[in-house]
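Visitor: The following block contains a protein sequence and its predicted model.
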Amino acid sequence: GQSLEQPSEVTAVEGAIVQINCTYQTSGFYGLSWYQQHDGGAPTFLSYNGLDGLEETGRFSSFLSRSDSYGYLLLQELQMKDSASYFCAVRAPEGKAAGNKLTFGGGTRVLVKP
Amino acid sequence: DGGITQSPKYLFRKEGQNVTLSCEQNLNHDAMYWYRQDPGQGLRLIYYSQIVNDFQKGDIAEGYSVSREKKESFPLTVTSAQKNPTAFYLCASSSGGSGANVLTFGAGSRLTVL
């Protein structure tokens, strides 16, 4: 099976930078994804890392180190609308449906203050 | 516009009753998933399906059942065997290959057992 760990909550002010770490344990690994979920809403895809290194998408960047089983999501120039929960998710082989199962972490609640 | 439609948005059930949550997608995606989310928690996989007439158990399948008779539809039945069914249920879909890293979610169905 797979397990993922991320901090439960982070608080920061507008304009700041926040880094959300995610460590994982899997028996096989295809990639690490990040999703954003506002209260009461559905998760939306933010980014994906299949190989080591940094992926940048506007104010958000995601990093992966497969040798360390570690990744992070970097939120820059924080805005009030970034207040949400952020989930890391690992895609890993599982049974006969290899590669099509995503396991999510417990989520990190980010609170942005004025 | 393409997307995933879940219904009903809110559902109340008496103990001992089975209920079925609907999930329909018009994205032409091959894979579909059901996740359960409890307050302040991450997403846990109930069932997933890669192709029509085939599905696999996720991490918490006990007390749930699914069918995949059409590519567009993946209904979830919460049976009376599920001991604690009150939760937020999210349906998702993805395409095959590298597209499996990107899940598109429906707006969710909130089930409350009275």
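Guide: Sure, I can see it.

Visitor: which stretches of chain B form strands?
Guide: Counting by DSSP state E, chain B has these strands, from start to end: B:4-7, B:10-13, B:19-25, B:31-37, B:43-51, B:54-57, B:64-66, B:76-78, B:87-94, B:104-105, B:109-113.

Visitor: Need those strands in CSV (columns: distance to chain A and mean pLDDT).
Guide: Where you see a C-beta, it was placed from the backbone N, CA and C, and this is true even at glycine. Supplementary listing: the strands of chain B in CSV, determined by distance: least, CB to the nearest CB, whole Å; pLDDT from 0 to 100:
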stretch, distance to chain A, mean pLDDT
strand B:4-7, 9, 96
strand B:10-13, 11, 92
strand B:19-25, 12, 97
strand B:31-37, 5, 95
strand B:43-51, 4, 92
strand B:54-57, 5, 91
strand B:64-66, 13, 97
strand B:76-78, 16, 97
strand B:87-94, 6, 96
strand B:104-105, 4, 96
strand B:109-113, 9, 94
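
Visitor: And the most centrally placed residue in chain B, how far from A:C88?
Guide: By CA atoms, centre = their mean, the mean C-alpha position of chain B lies nearest to B:W34, the distance being 2.8 Å. Distance of B:W34 to A:C88, given as CB to CB, to the nearest Å: 20 Å.

Visitor: swap in A:S3?
Guide: Distance, A:S3 to A:C88, using CB to CB: 11 Å.

Visitor: Which of these two has more residues huddled nearby?
Guide: A:C88 (29 against 12; other CB atoms under 10 Å in any protein chain shown).

Visitor: where's the more buried one, which helix or strand?
Guide: strand A:84-92 (DSSP states H and E).

Visitor: so does that strand get close to chain B?
Guide: Yes: where contact is defined by CB under 8 Å from any CB of the partner chain, part of strand A:84-92 touches chain B, namely A:F87, A:R91.
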